[in-house]
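Engineer: requesting a structural model of the entry that follows:
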Amino acid sequence: EDMTVAEAAFKLQTSGFPWLSKSSRRQGGVKQSAEEHASKFASLHMWVRWLFKELVIPLIKTSFYATDTEIKGQKIMYFRKGFWLSKCTKFLRSLSNTTGTGGVLGPTLQVLSDTELQSLLTGSRALGVSELRFIPKSKGLRTICNSSKRTDLQPGKSFPSAKSFTRKPVNSILADVFHVLRHELSTHPDILGASCFSF
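Structural biologist: Here you go, the predicted model:
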C-alpha cells in the first residue's frame, strides 16, 4: 500500500518545528510572504520524506512483520519478527503433522527432503512454486496460497550448484486447463451434482 508525502505530513504545521519557524521570524509582526511559506512547507515535506525513508520504514522492516488480519479487517497489525517466526514455524509443522495439531485434520503439506528439493531445482519441472502467506485469525492462522506470481528462486548456500529456478505463474500455465474445465461445466452442469461455488 502506497502513502504520499502529503498524507504523511497531514496536519503538520511549520510552526511546530522550531528549526523552520526560527529562520523566518520577522521584527514588528511582519507576516511571511507566500513564497517563504511555500519554501518552509517544501522543507517540511523533504524532512518527512527523509524520516520515513531512512528511519521509520527500515526500522519497521527490521523489527516487525506487518500484515492485515481477519479480526481487524484491513487494519494493519505489527508483530515482532521473532514472535511471528515462532508462530509460523509451529503452524507449518502442524500442517505437515499426521496428528493434525493446530486444528488441521491430518497432513496438508509434505516436507521435501534435501534430495527432493535439489531434484526439483535441477529438473525440468514445468510448474512453478506458489507463495504461501499466513493471516492471523481469532484462533491460529489462515493460509493463503498465491499462484499468480512468477517463480524466481536463486541457488542458496545449501545448493550452490543448482541453477536458478524461474517459471511462469502457476495460474498462467494452468489457464488452458481451467478454461476447458469451465467449458465442460457449462456444457454439462449436472456432472457436479449439488456442488456450489462462490459463496
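Engineer: now do the helices in the protein.
Structural biologist: Assigned by DSSP state H, the helices in the chain fall at 5-8, 18-21, 34-51, 57-63, 81-95, 114-122, 170-173, 175-187.
Engineer: got JSON lines for these, with distance to residue 135 too?
Structural biologist: Any C-beta I mention is one placed from the backbone N, CA and C, and that applies to glycine too. As requested, the helices of the chain are exported to JSON lines (distance: least, C-beta to C-beta, whole Å):
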{"stretch": "helix 5-8", "distance to residue 135": "25"}
{"stretch": "helix 18-21", "distance to residue 135": "42"}
{"stretch": "helix 34-51", "distance to residue 135": "30"}
{"stretch": "helix 57-63", "distance to residue 135": "18"}
{"stretch": "helix 81-95", "distance to residue 135": "11"}
{"stretch": "helix 114-122", "distance to residue 135": "26"}
{"stretch": "helix 170-173", "distance to residue 135": "20"}
{"stretch": "helix 175-187", "distance to residue 135": "25"}
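Engineer: closest to residue 138 out of those helices?
Structural biologist: Residue 138 sits nearest to helix 81-95 of all those, at 14.0 Å, using C-beta to C-beta.
Engineer: could I get the average pLDDT for the closest one?
Structural biologist: Mean pLDDT, computed over helix 81-95, is 89.
Engineer: right, so of the helices of the chain, which gets closest to residue 153?
Structural biologist: Taking the helices of the chain one by one with C-beta to C-beta, helix 114-122 is closest: 6.8 Å.
Engineer: just the C-alpha atoms of that closest one, please, in PDB.
Structural biologist: Only the C-alpha atoms of helix 114-122 are listed here, as PDB (Å, rounded to 0.1, in the frame of the first residue of the first chain):
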ATOM      1  CA  ASP A 114      17.200 -32.100   0.500                       C
ATOM      2  CA  THR A 115      17.500 -34.600  -2.300                       C
ATOM      3  CA  GLU A 116      13.900 -34.000  -3.400                       C
ATOM      4  CA  LEU A 117      14.400 -30.200  -3.300                       C
ATOM      5  CA  GLN A 118      17.700 -30.400  -5.300                       C
ATOM      6  CA  SER A 119      16.000 -32.700  -7.900                       C
ATOM      7  CA  LEU A 120      13.200 -30.100  -8.200                       C
ATOM      8  CA  LEU A 121      15.600 -27.200  -8.700                       C
ATOM      9  CA  THR A 122      17.700 -29.000 -11.200                       C
END
